Structure formats: C-alpha cells, structure tokens
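Undergrad: Predicted model follows, preceded by the sequence.
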Amino acid sequence: MPVRLPMAEAQEAAAIRAALAEVVGPAHVLAGADADPHLSDWRKRFTGTALAVVRPGSTEEVAQLVRLAAQRSLAVVPQGGNTGLCGGATPDAGNRNLVLLTTRLSRVRSIDPLNNTMVIEAGVPLLRAQDAAREAGRLFPLSLAAEGSATIGGNLSTNAGGTQVLRYGNARELCLGLEVVTAEGEIWSGLNALRKNNTGYDLRDLFIGAEGTLGIITAACVKLFPLPRSTGTALVGLNNVDQALRLLDLAQQHAASTLTGFELFSDFCLQLVEQHLPRLRSPFAASHAWYVLIELSNHQDANATNAMLEDLLGAALDARLIDDAVIAQSTAQASELWALRESISEAQAAEGKNIKHDISVPISRIAEFVRETNAQLAQRFPGVRMVIFGHLGDGNLHYNVSAPGFGSGLDDGGFIARQPEVYETVHDQVHRFGGSISAEHGIGQLKRAELPRYKSPVEMALMRRIKQALDPDHRMNPGKVLD
Ligand SMILES: Cc1cc2nc3c(=O)[nH]c(=O)nc-3n(C[C@H](O)[C@H](O)[C@H](O)COP(=O)(O)OP(=O)(O)OC[C@H]3O[C@@H](n4cnc5c(N)ncnc54)[C@H](O)[C@@H]3O)c2cc1C
C-alpha cells in the first residue's frame, strides 16, 4: 500500500532512499510494487509500510545500513524468507520503517567436515544449506516444510524446530557461533566452531530466538552430522492420541536415537489435504481417527533399517496400538508419505481462515490436553473444526482451529474476530498443563499481547532490561515480542 507523504516528508524519504542506494546500489533499494511482497506476512494476516526494502550484499553493508538507520531515526525490520507465522518480519504501519532483506547474504563461507561444522550466511535458504552439507558428505538436520524459502537467519531468529528435533534438537542446539550486526551498527564476529566454550555470558543464545529485536544475524557456524546410510519411513493408522503416545514410547525403546521423526496428524488434516491437493492420496483403504508418520535414520544398511521398522510395527500390532501400517518401499514413496504431513498447512489455508496455536506441553500429558481442550472449544465455539498435527515426539502440536463450516452462520471474518477468546481458552489450558504458548514459531506481533499473561513479571522485566541494554532506542524490529 503506497504511503502518502507531505512534501517535506516526501523529500526526506527520497533523500533516505538515495543514501541507502549509495550503500547497496540503486538496484537493491526496492519501493512501490517491488516492495509490496515484503510488506505482508505469509498468512496475509499482517500488512505494514516501509520507506524502502533494502537488500545488502555483505555484513559490512548491513552494518552501514544500521548506522544510517540510527542517524535518520529509522526502524529496522530484518526479513529472510518471510515464511514466519507470527508476523515477525512484517513492518508496522509507521512511516519510518526499513525492511532489511537478507537474501543476498547467500554464501556458504566454509565447511569443515572433520570438525563437523559449516559457516553460512544468514540469507542462505535452509534447503541450500542442507544440500551444501550433503555435498560435503554431511547432514545438516534442520528440516521444515518451508525450507525452500526459509533462511538460516530466520531459522535462528525464530529458533525454528521442524521434524527432526526429536533426534538433533532445534536451531539453537544446532548453532555454535554467530556473526551479528548490533543495533549500534557494530559487527560482532562470534563465529566460534567450538563445542566447549565457557567464557562468560552466552551472547549467541541471546540473539537466537530474538526475532530480530536485538540485532541482525549475518552469518552462523552450525553443527553437521554424519549422513545416515539409510532411512525407513512408515505411516500408521490408530484410534487415539493415547495410543500414539504409547507407540512413541515403544518406538524409542526399539529404535533409540535411530528414531528421527514422529509426526502426528488427525483424519481431518488428511481429508483437507486430499480435498485441496488432489494429487496427494491416503495410502489406506479405510480411514483412521489419527495417523503417525515414523522415520528412522540409520548408520546401517537399508535391510537393517527395514527390519527394525518391521519389528517395531509388529510389536505395535501385537500390543494393539495401531490398526494399520504402510512402509515406504522407495525414496519416492517416502516422499509421498511426507508430502501428506507437510501439506497440511497449505491445505488448511486453502480451506479458509484459521486460528493457529503452536503449543507444547509435557509429552506425557498431550492426550489429556487434547481431550479437555477440544471439549472446552466445542462448548464455547460450537461447530469449530480442529486441525491438529505436529511434532508429537517433541510434545509440540499445531493445535489449530478452523472456522465452522458452511451454514454455521459465522463467516471467516466473524470467526477471526473471536481470536482473543479462542486464544484465551487454549493458552490458559496450555499454561495449566505446564506448557508453552509458542513451541517453535516465536511471538512476533501475533502473540505479543499474550506473553505477559503467561510469563512471570520477573521474566518480563528481565527481557525488557536485555532489550533496553542492547537496543536502547528500540529501533530493532519494534512492536515484536515486547511492546
Ligand atoms: C508451510 C510452513 C511450514 C512451517 N513449518 C515450520 C516448522 O515445522 N517448524 C518451525 O519452527 N517453523 C515452521 N514454519 C515457520 C517458518 O518457516 C520458520 O519460522 C522459519 O524459521 C522462518 O524463516 P524465514 O527466513 O522465512 O524468516 P522470516 O519470516 O523472514 O523472519 C522471521 C523472524 O526472524 C527475523 N529475522 C529474519 N532473518 C533475520 C536475521 N538475519 N537476523 C535477525 N532477525 C531475522 C524476522 O525479523 C522475523 O522476526 C513454517 C512455515 C510455513 C509457511
């Protein structure tokens, strides 16, 4: 949306754009229609305005831009792939925003296979980081459905999780060192490639998960792992979440650290995928109330992995935990099973407006949480449709609520207007179960107002003091995480 400015402001805006162009070159200062895609979030829930979208090509250029922003009193909104789900990369409606796009920070700087580390720049898409590691004979295990566009800087700034956290941990656990441009425009070169480094406060941990509110990550040193020799993938159908939890326990006993994925989704999720992405079909003749996608990654050959998977599924059938199962017989079949799971967000978006919750509770309490919270929502918001899926192995569910279907009398707009009440129902329950209102997506602007309800005053005050210390003028991504 174009910003209408009085003459003096328009002249100042032109002068600022000229100064930005001197740093990055005119081709990398985007305005008007070129800037538009960067002013809304992936879900189209937030739209803002910016004087310009700038694309620096080096860490030094990022530092110069941040110093320029300080001189001109501009807010800096870092943006990577813009796939975040909390509006964290979308500027507000103010007229002094600079969106700093990291996609030209796109170099894999170095790979050290013996040290099992890789230094990559913030704008490298996650998929390319995985490919670079594989070409060096190593695994970079962070994996999520948006990996074609999501960047390493965005992954670290949201402390992304994804499908392999169960075995390898989230983005924070995969990062050894960072290079950061501070709110003052200094460059902190903290690209340690060390597993052990106890030298005072861990600055790296402050910037990870900060959603761009403390500084700009320009590069990272990440951990690599040996490439597995084989993987085994199975989809099972079962009756309820209690059974899925007992299956998780059994899978951990059978496969231990070989278990790298354990993803749950409901039958309604599968129905949405089949309806909106007709090329994807369930492999089962009959439907089941719930499904679990299991992945093993092994350092033995494919025969050994399949035998392990068959043993596990045999034991699960004997214990009456599962009703049916299919094992992928090829990489293509495994991809088809994963596509069912990874297309749920897209299918849910195609179905209409929805209210997302990215929650975690202790794994042992998930079934009880789902039972109780489903009942409360059904009572308070008759007709809503639950779209429940996620990383059961980490205690993390995308516990989403879709608007009631046609004929309910509540249109999409009316449903979204009730988001605060839906949030309150679900997040109060999460809190009661000792959980978190954001397991892996962050806070952004979407959940900012929710945070003080569930964090203690001491925790909020400490966070505010950190923000004040590192960004005293509140220019780094204002309005995100904290108000
Ligand atoms: C279909 C789909 C599936 C998804 N699945 C998952 C999943 O399984 N697990 C998961 O955790 N997330 C998931 N996400 C969310 C999203 O992909 C992740 O949050 C991802 O890490 C964001 O990366 P990005 O580059 O797109 O960041 P952006 O959306 O561009 O930015 C996200 C936040 O990070 C800040 N930021 C970006 N780059 C930098 C930087 N260099 N320095 C400082 N701050 C920066 C932004 O200001 C913003 O606050 C999914 C999203 C989609 C659309």
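TA: Received it, and whenever you're ready, just let me know what you need.
Undergrad: from here on, contacts and neighbour counts on C-alpha atoms
TA: Fine.
Undergrad: what about the residue of the stretch 301-450 of the chain found nearest the ligand, neighbour count?
TA: Of the residues in the stretch 301-450 of the chain, the one nearest the ligand is Glu440, at a distance of 4.3 Å by CA to the nearest ligand atom. Neighbour count for Glu440, taken as other CA atoms under 10 Å: 23.
Undergrad: measure it to Asp311 for me?
TA: From Glu440 across to Asp311, the span is 32 Å (CA to CA, to the nearest Å).
Undergrad: what's the answer for Ala8, then?
TA: From Ala8 to Asp311 the distance is 74 Å (CA to CA).
Undergrad: Tell me which of the two has more neighbours.
TA: Neighbour tally, Ala8 and Asp311, criterion other CA under 10 Å: the higher count belongs to Asp311, 15 against 9.
Undergrad: what's the closest non-adjacent residue to that one?
TA: Nearest residue to Asp311, sequence neighbours excluded (CA to CA, 6 or more residues apart in numbering): His254, at 8.0 Å.
Undergrad: ditto for His288
TA: Gly237 (5.4 Å).
Undergrad: helix or strand right after the strand or helix carrying the one you found?
TA: Per DSSP states H and E, Gly237 falls inside strand 230-238. As assigned by DSSP H and E, the chain's next helix or strand after strand 230-238 is helix 241-255.
Undergrad: name the helices or strands packed onto that next one?
TA: If you count contacts as 3 or more CA pairs under 8 Å, 6 or more residues apart in numbering; DSSP states H and E, helix 241-255 packs onto strand 259-266, strand 290-298, helix 302-318, helix 366-380.
Undergrad: Give me the mean pLDDT for it.
TA: For helix 241-255, mean pLDDT is 97.
Undergrad: can you pull the buried residues of it?
TA: Val241, Asp242, Gln243, Ala244, Leu245, Leu247, Leu248, Leu250, Ala251, Gln252, His254, Ala255 (16 or more other CA atoms under 10 Å).
Undergrad: quick one: contacts for the residue in the stretch 201-350 of the chain that the ligand sits nearest to?
TA: For the stretch 201-350 of the chain, the residue closest to the ligand is Gly212, as judged by CA to the nearest ligand atom, at 3.3 Å. Gly212 makes contact with Val77, Pro78, Ser157, Met476, Asn477, according to CA atoms under 8 Å, 6 or more residues apart in numbering.
Undergrad: if we go to 6 Å?
TA: Asn477 (CA atoms under 6 Å, 6 or more residues apart in numbering).
Undergrad: Repeat that for Gly154.
TA: Gly80.
Undergrad: tell me which element it is part of?
TA: Here Gly154 sits within helix 152-157, counting by DSSP H and E.
Undergrad: Am I right that Gly479 is in a strand?
TA: No. Checked against DSSP: H, G, I helix; E, B strand; the rest coil, Gly479 lies outside a strand; its state is coil.
Undergrad: Just checking, which helix or strand succeeds the helix holding Gly154 along the chain?
TA: With elements assigned by DSSP H and E, the helix or strand that comes after helix 152-157 is helix 165-168.
Undergrad: That next one near the ligand anywhere?
TA: No. Using CA under 6 Å from any ligand atom, helix 165-168 never reaches the ligand; the gap is at least 9.4 Å.
Undergrad: Would you mind naming what in the protein lies close to the ligand?
TA: Going by CA under 6 Å from any ligand atom, the residues of the chain near the ligand are 77-85, 88-89, 122, 144-146, 150-151, 153-155, 157-158, 160-162, 211-212, 215-218, 345, 440-441, 444.
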